[in-house]
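Q: need a structure here:
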Amino acid sequence: MTPRTIALIGGVTAGAAALSVAVVLSVDWSEAALYDPARILLLGPREAFKAAAVSPVFGRVELVLFLLAGASFVASGLFTWTNRPRDLAGPLFVLAGLVWLAGGVRRSSDPALFTAGAVLTNIYLPVMIPVLLGFPSGRLNHVWERWCVGACWALAVIGVSAEWMFFDPREVPAPHRSTSVNLLLIRHDPVIADRIQLLVGALVFVLAIVLLGVVLRRWRTGTPAYRSGFSPVMVFAPIAGLIILAILLSTAIQLPGSMHSWVLDLRYVPIVLLPMAIAYGQMRYRIARSAVGDAMVAIGAAPIGSGFVEALRRALHDPTLELWRFDAGRGCYVDDDGIARELPADSDPRVATVLEPAGSPLAALVFDEQLQTEPALLAVVRGATELALEHERLRDDLADQLAEVRRSRERIVAAGDAERRRVERDLHDGAQQRLVAAAILLRRAQRSADTATQDDLMTQGAAELDTALTELRELARGVFPPILAERGLTAALTALAERAPIAVRIQGDLVPRPAPGIELAAYFIAAEALTNAAKYSGGTHVDIEVDVVAESARLVIADDGRGGASIGPGGGLSGLCDRAAALGGQLLLDSAPGTGTVLTATLPLRAREPVFNEDSRQRRGGDT
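A: Residues are numbered from 1 along each chain as shown. Predicted coordinates:
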């Protein structure tokens with residue numbers, strides 16, 4: 001709660017408390033004043049004297065009820081004001097409560113206070129009516145609504161004042177004579193006074209019917225979300241109107257036996273019910289914020305399109321709420337059935353809020369326009385939806401990662417099997433054959449008696465052994481080049497370049513040297529890229545650049561070949577992607593046809609968990 005809100009609550013509460021104390025101090029507790037019919041609260045002069053025949057004496061219980069009714073206005077208004085400071089409903093209800101309390105000075109014996117209290121009797125009604133017509137904001141949007149409120153003000157101020165201009169309460173016969181001095185009195189004329197009061201009563205009756213009709217029409221034509229919020233007013237406003245009409249008819253028409261004390265006691269009911277109805281509507285949306293938690297629980301239990309959206313609909317009381325995803329490929333929003341949808345126009349009864357957590361459209365929440373009056377609630381719903389979408393994205397990414405890990409494992413196993421077969425084949429076709437030939441030559445030399453033949457066979461056997469030794473060294477160098485461990489990546493790449501069939505230029509170095517696993521991965525990536533360039537690119541030159549960027553080893557291999565290379569399952573580059581990803585790095589390929597091929601490998605100097613996803617790898621389908 002902000003300091004400004006605290007100051008507002010404190011100021012209004014202090015003002016209402018001071019006004020209540022002033023009203024209590026102004027009450028005349030003498031027997032004549034307690035039985036004075038002119039001082040009956042909330043009634044006009046005619047109704048007050050009619051009610052005096054059956055009304056009990058004014059007492060402390062009624063005073064407490066009166067003060068509590070005013071407090072309900074002020075409390076409901078403060079609650080609404082602090083929750084929706086941009087609306088007029090809160091200030092209007094606070095003002096109505098203060099006017100209501102000020103009307104209590106009618107119980108005073110001071111002529112000025114009594115007259116002021118009599119004039120203020122019904123002022124709270126035109127203050128409240130804009131809230132009813134402009135629910136829930138209290139703002140009037142139509143000309144006829146302003147005319148209606150203006151008529152209510154005229155009746156409440158001019159009409160009530162006119163009733164007292166020709167009515168002297170001291171001249172009216174009653175079971176208990178009035179001692180109140182009416183400062184508005186022009187002259188006492190019961191005929192004129194009766195006609196004015198009957199006319200004002202008839203106009204009040206017409207306005208009450210109109211307001212009841214407006215309430216019923218708003219309920220019938222409103223959207224589901226509007227009806228859900230308007231339902232308390234729909235229930236309490238007709239009740240309040242019927243009670244007021246019953247009191248007016250019982251006193252104005254003067255039907256025999258029509259006025260009963262319990263009917264008069266009900267005059268406090270509409271005053272309490274309407275503020276409570278508005279406060280309930282506000283509390284309903286506050287409760288809805290906590291109900292969004294049910295939607296958050298549904299995130300882990302169901303896909304976002306089913307349980308989550310349904311939970312939001314229940315929380316917001318809006319069965320029309322929908323969540324549309326943004327399809328980047330089609331450039332539009334789509335619903336759960338994949339049908340393209342357009343965001344609502346200004347004239348549409350529904351509105352949309354676009355979710356752009358990363359600056360680009362992700363989804364759109366479409367809901368009843370009535371919910372726009374609750375920005376705090378919508379902020380909660382928006383945050384919950386973004387969190388749900390992020391949860392779904394992470395869940396999908398995790399599923400993709402798991403699937404990629406399975407595929408990577410399959411490729412690693414297959415590559416390991418293929419490498420073992422290659423080593424076995426190379427040993428069988430190369431060094432093994434050489435060693436077998438050397439063994440045969442040595443045995444022949446051993447059996448030969450001719451010295452010259454023996455020397456020749458020994459020479460041939462030694463040559464086969466030398467050749468086998470050379471092939472074994474080449475084979476071992478392919479598995480793990482010794483120079484890599486001894487002198488580092490740049491020296492190993494230089495040795496690799498010397499044996500390459502095309503020209504290779506090497507630039508840069510890794511300083512300080514990374515972990516052996518990082519160097520080995522970079523070496524094999526460069527070796528595979530160099531082999532592909534020599535076999536498939538048709539190029540004549542390869543540049544290899546090695547450096548350290550942002551705590552990562554970066555290896556850029558570029559050739560001047562025909563381009564068109566791609567990464568696909570089962571290919572050599574796919575295995576290199578797996579090797580880079582296993583170290584927490586990534587492999588990027590740029591190989592547009594006719595522009596050569598650029599392979600960029602980034603390996604963290606500190607190996608971390610592998611990350612497999614389409615955004616980080618930026619792979620292309622196919623193979624080299």
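
Q: ok, and for the helix or strand containing residue 205, which residues are buried?
A: For residue 205, the host element (DSSP states H and E) is helix 190-221. Within helix 190-221, the residues scored as buried using 16 or more other Cβ atoms under 10 Å are 192-194, 196-197, 200-201, 204, 207-208, 211-212, 214-215, 218-219. The C-beta positions use only the backbone N, C-alpha and C, and glycine is treated the same way.

Q: In terms of helix, strand or coil, where does the residue most central in space within the chain fall?
A: The C-alpha lying nearest the average C-alpha coordinate of the chain belongs to residue 382 (Cα atoms, centre = their mean; 1.1 Å). Assigned with DSSP: H, G, I helix; E, B strand; the rest coil, residue 382 falls in the helix class.

Q: who touches it in this structure?
A: Contact analysis of residue 382 by Cβ atoms under 8 Å, 6 or more residues apart in numbering lists 353, 355, 365.

Q: Can you add distance to residue 14 and give those residues back as a markdown table?
A: What follows is the contacts of residue 382, written out as a markdown table (distance: Cβ to Cβ, whole Å):
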| residue | distance to residue 14 |
| --- | --- |
| 353 | 39 |
| 355 | 44 |
| 365 | 42 |
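
Q: chain center to the helix holding residue 205, what's the gap?
A: 45 Å (Cα atoms, centre = their mean, to the nearest Å).

Q: helices or strands next to that helix in the packing?
A: When contacts are defined as 3 or more Cβ pairs under 8 Å, 6 or more residues apart in numbering; DSSP states H and E, helix 190-221 packs onto helix 45-51, helix 124-133, helix 143-154, helix 160-165, helix 224-252.

Q: Out of these, which gets the lowest mean score?
A: Among those, helix 224-252 has the lowest mean pLDDT, at a mean of 65.

Q: quick revisit: which of the buried residues of helix 190-221 lies closest to residue 544?
A: Distance to residue 544 across those (Cβ to Cβ) is lowest for residue 218, with 75.8 Å.

Q: The residue nearest to the centre of the chain and residue 437, how far apart?
A: Here residue 382 is placed at a distance of 79 Å from residue 437 (Cβ to Cβ, to the nearest Å).

Q: now do residue 205
A: Separation of residue 205 from residue 437 (Cβ to Cβ) stands at 124 Å.

Q: What of residue 555?
A: Separation of residue 555 from residue 437 (Cβ to Cβ) stands at 41 Å.

Q: The two - which one has more neighbours?
A: More crowded of residue 555 and residue 437, by other Cβ atoms under 10 Å: residue 555, with 26 against 17.

Q: now the residue nearest to the more buried one when sequence neighbours are not counted, what's its secondary structure?
A: Closest residue to residue 555 apart from its sequence neighbours, by Cβ to Cβ, 6 or more residues apart in numbering: residue 601 at 4.4 Å. Classification of residue 601 using three-state DSSP returns strand.

Q: Look up the pLDDT of residue 601 for me, please.
A: In the predicted model, residue 601 carries a pLDDT score of 89.

Q: Then residue 24?
A: On pLDDT, residue 24 comes in at 93.

Q: ok, how many other residues are close to residue 272?
A: Residue 272 - counted by other Cβ under 10 Å - has 19 other residues nearby.

Q: and the helix or strand where residue 542 lies, what other elements does it pack with?
A: Using DSSP H and E, residue 542 sits in strand 541-549. The contact analysis (3+ Cβ pairs under 8 Å, 6+ apart) places strand 541-549 against helix 489-499, strand 503-508, helix 516-532, strand 552-559.

Q: can you tell which of the ones you listed is closest to residue 67?
A: Residue 67 lies closest to strand 552-559 among these, at 73.7 Å (Cβ to Cβ).

Q: ok, residues contacting the closest one?
A: The contact list for strand 552-559 (Cβ under 8 Å, 6+ apart) reads 510, 514, 518, 522, 525-526, 529-530, 533, 537, 539, 541-548, 585, 596-605.

Q: Are any of those residues buried, and if so which?
A: Among the contacts of strand 552-559, those classed as buried by 16+ other Cβ under 10 Å are 510, 514, 518, 522, 525-526, 529-530, 533, 537, 539, 542-544, 546, 585, 596-604.

Q: low pLDDT regions in the stretch 151-300 of the chain?
A: The model of the stretch 151-300 of the chain has pLDDT under 70 over residues 222-234, 236-238, 240-241, 243-267, 270, 278-300.

Q: What sits closest to residue 511 if chain neighbours are left out?
A: With sequence-adjacent residues excluded and distances taken as Cβ to Cβ, 6+ apart, residue 511 is closest to residue 548, at 6.9 Å.

Q: wait, what's in contact with residue 164?
A: Applying Cβ under 8 Å, 6+ apart, the residues near residue 164 are 45, 115, 118-119, 182, 184-185.

Q: one more time with 6 Å, if that's ok
A: 118, 182, 184 (Cβ atoms under 6 Å, 6 or more residues apart in numbering).

Q: end to end, how far does stretch 370-379 reach?
A: From the first residue to the last, stretch 370-379 extends over 15 Å; the measure is Cα to Cα, to the nearest Å.

Q: Ok, stretch 590-605 next?
A: Start to finish, the residues bounding stretch 590-605 are 24 Å apart (Cα to Cα).

Q: can you give me how far that stretch is from the chain middle?
A: 40 Å.

Q: tell me the contacts of residue 437?
A: Residue 437 makes contacts with residue 464, as judged by Cβ under 6 Å, 6+ apart.

Q: And it, which helix or strand is it part of?
A: Assessed by DSSP H and E, residue 437 sits inside helix 432-447.

Q: quick revisit: so what touches the strand holding residue 542?
A: Residues from elsewhere that reach strand 541-549 (Cβ under 6 Å, 6+ apart): 503-508, 510, 526, 533, 554-560.

Q: worst-scoring helix or strand of the chain, pLDDT-wise?
A: Ranking every helix and strand in the chain by mean pLDDT, DSSP states H and E puts helix 614-617 at the bottom, with a mean of 37.

Q: Could you list the low-confidence segments of the stretch 1-150 of the chain?
A: Within the stretch 1-150 of the chain, the stretches with pLDDT under 70 are 1, 53-56, 136-137.

Q: That one: helices as residue ranges?
A: Counting by DSSP state H, counting those that start in this stretch, residue ranges of the helices within the stretch 1-150 of the chain are 3-26, 31-34, 45-51, 60-83, 89-102, 111-119, 124-133, 143-154.

Q: With distance to residue 445 and mean neighbour count added, can I get those helices in CSV?
A: Shown next, in CSV, are the helices of the stretch 1-150 of the chain (distance: least, Cβ to Cβ, whole Å; neighbours: other Cβ atoms under 10 Å):
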stretch, distance to residue 445, mean neighbour count
helix 3-26, 106, 14
helix 31-34, 144, 15
helix 45-51, 140, 24
helix 60-83, 105, 20
helix 89-102, 112, 24
helix 111-119, 137, 19
helix 124-133, 117, 24
helix 143-154, 120, 15
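
Q: The ones you listed: which one's closest to residue 361?
A: Smallest distance to residue 361 across these (Cβ to Cβ): 30.4 Å, for helix 60-83.

Q: now the angle from the closest one to helix 89-102?
A: Per axes from the mean of the first three to the mean of the last three Cα atoms, to 10 degrees, the angle that helix 60-83 makes with helix 89-102 is 160 degrees.

Q: Touching helix 60-83 from outside, list them.
A: The list of residues contacting helix 60-83 from outside it, by Cβ under 6 Å, 6+ apart, reads 5, 9, 12, 16, 20, 89-90, 93-94, 96-97, 100-101, 104, 268, 271-272, 275, 278-279, 282.

Q: Tell me who's in contact with residue 362.
A: With contact set as Cβ under 6 Å, 6+ apart, residue 362 has these partners: 326, 355.

Q: Now stretch 104-111: buried residues?
A: 104-109.

Q: Just give me the closest of those residues to residue 175.
A: residue 107 (18.4 Å).

Q: Not counting sequence-adjacent ones, nearest residue to the closest one?
A: The spatially closest residue to residue 107, leaving aside those adjacent along the chain, is residue 27, at 4.5 Å (Cβ to Cβ, 6+ apart).
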